[in-house]
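[1] any chance you can model this:
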Amino acid sequence: MVQQAVQGSSAAYAKEMERLSAKESLLLALKDAGGFEALVTGKTTDMQCIDVNEMIVSLERLNPTPRPTTSPYLEGRWNLEWFGSGSHGFFAARFVFERFPPAFANLSKLDVVIKDGYVNIEANVKFFNSIESNAILSTKLSVEGPLRMKEEYVEGILKSPKINEETIPEQLRGAFGQATSTLEQLPDPIRDAMATGFKVPLGGSSNRLFMISYLDEEILITRDTTGIPEVLFLHQSNWAIS
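    Numbering: from 1, shown residues only. Next up is the predicted model:
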């Protein structure tokens with residue numbers, strides 16, 4: 001019995017070392033691919049993409065969380081670091097880069113906040129490197145199984161832009177001054193609405209299914225119904241979110 005316990009302990013240790021090595025390999029592959037910025041601007045090569053996907057598969061088979069849909073690890077603020085076509089990240093990036101040249105606008109980050117059965121997907125867009133705007137998609141989660149979840153869209157929110165006047169290009173400062181003057185003349189209810197942001201109710205009119213293929217205290221990997229993966233890194237745990 002002692003020998004069996006030692007063998008079991010050794011096997012568990014070896015599996016944990018394999019998992020940590022697979023995590024490190026994924027982190028290195030993501031770094032070599034250029035990270036989030038290279039991904040959203042389309043600068044990742046086919047070789048880099050296949051390397052990252054290979055590391056994702058290697059890590060998924062070592063998932064340490066048997067029921068990730070009900071795990072406390074799931075809640076928190078996650079940074080979306082990798083996505084494929086058809087994902088939230090892909091649609092947000094395509095919206096920005098199909099409509100605006102990189103010198104005009106860029107998608108700087110995508111955060112996913114999971115708390116109390118709800119998700120806020122926050123896209124941060126910068127215009128002229130001076131005007132920062134946030135768009136938020138709120139969804140409701142329901143557990144469909146140990147790995148599977150359903151996500152229903154609740155509302156979209158476009159927040160009022162934040163402006164760093166010092167970094168506004170000289171050729172745009174006149175137009176900025178005119179816009180500011182016009183806003184100050186608007187009725188109070190309209191100014192208040194613009195300050196708090198615009199909400200678009202979605203009423204659960206659409207939804208999607210996805211599965212959690214890997215979850216630990218640092219990394220979350222999901223796949224949609226087409227099998228496309230998303231990789232997220234924990235930025236802030238659930239207890240730190242107010």
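[2] helices along the chain, start to end?
    2-32, 35-40, 46-60, 88-99, 173-184, 188-196 (DSSP state H).
[3] which helices and strands does the first one pack with?
    Taking 3 or more C-beta pairs under 8 Å, 6 or more residues apart in numbering; DSSP states H and E as the contact definition, the neighbouring helices and strands of helix 2-32 are helix 46-60. C-beta here means a position set from N, CA and C on the backbone, and glycine is covered the same way.
[4] swap in the shortest one?
    With contacts defined as 3+ C-beta pairs under 8 Å, 6+ apart, the packing partners of helix 35-40 are strand 76-82, helix 88-99, strand 105-115.
[5] give me the neighbour count for Thr70.
    The number of residues packed near Thr70 is 11, by other C-beta atoms under 10 Å.
[6] was I right about it contacting Val143?
    Yes. Taking C-beta atoms under 8 Å as the definition, Thr70 is a contact partner of Val143 at 6.3 Å.
[7] would you tell me which strand is longest in the chain?
    strand 131-143 (DSSP state E).
[8] please save the CA atoms from that strand in PDB.
    The C-alpha trace of strand 131-143 is given here as PDB (Å, rounded to 0.1, in the frame of the first residue of the first chain):
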ATOM      1  CA  ILE A 131      -9.900  59.800 -27.400                       C
ATOM      2  CA  GLU A 132     -10.600  56.600 -25.500                       C
ATOM      3  CA  SER A 133     -14.000  55.000 -25.700                       C
ATOM      4  CA  ASN A 134     -15.400  51.800 -24.200                       C
ATOM      5  CA  ALA A 135     -18.200  49.500 -25.500                       C
ATOM      6  CA  ILE A 136     -19.600  46.900 -23.200                       C
ATOM      7  CA  LEU A 137     -21.700  43.900 -24.100                       C
ATOM      8  CA  SER A 138     -23.500  42.400 -21.100                       C
ATOM      9  CA  THR A 139     -24.600  38.800 -21.100                       C
ATOM     10  CA  LYS A 140     -26.200  36.300 -18.700                       C
ATOM     11  CA  LEU A 141     -24.600  32.800 -18.100                       C
ATOM     12  CA  SER A 142     -26.400  29.600 -17.400                       C
ATOM     13  CA  VAL A 143     -24.800  26.200 -16.700                       C
END
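[9] sheet partners, orientation included, of that strand?
    strand 118-127 (antiparallel), strand 148-158 (antiparallel), strand 162-163 (antiparallel) (DSSP bridges).
[10] now render these as TSV, adding distance to Ser21 and mean pLDDT.
    Listed next are these as TSV, based on distance: least, C-beta to C-beta, whole Å; pLDDT from 0 to 100:
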stretch	distance to Ser21	mean pLDDT
strand 118-127	31	79
strand 148-158	28	87
strand 162-163	42	57
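[11] between those strands, which one is closest to Lys199.
    In terms of C-beta to C-beta, the element of the strands paired with strand 131-143 nearest to Lys199 is strand 148-158, at 5.2 Å.
[12] and the closest one, which residues are buried?
    149, 151-154, 157 (16 or more other C-beta atoms under 10 Å).
[13] kindly format the C-alpha coordinates of that strand as CSV.
    In CSV, the C-alpha atoms belonging to strand 148-158 read as follows (Å, rounded to 0.1, in the frame of the first residue of the first chain):
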residue,chain,number,x,y,z
ARG,A,148,-20.9,23.6,-21.3
MET,A,149,-22.5,27.0,-20.7
LYS,A,150,-25.1,29.2,-22.5
GLU,A,151,-24.6,32.9,-22.9
GLU,A,152,-27.7,35.2,-23.5
TYR,A,153,-27.1,38.8,-24.6
VAL,A,154,-28.7,41.3,-22.3
GLU,A,155,-27.6,44.8,-23.4
GLY,A,156,-25.0,46.8,-25.1
ILE,A,157,-23.5,50.0,-23.6
LEU,A,158,-21.5,52.7,-25.4
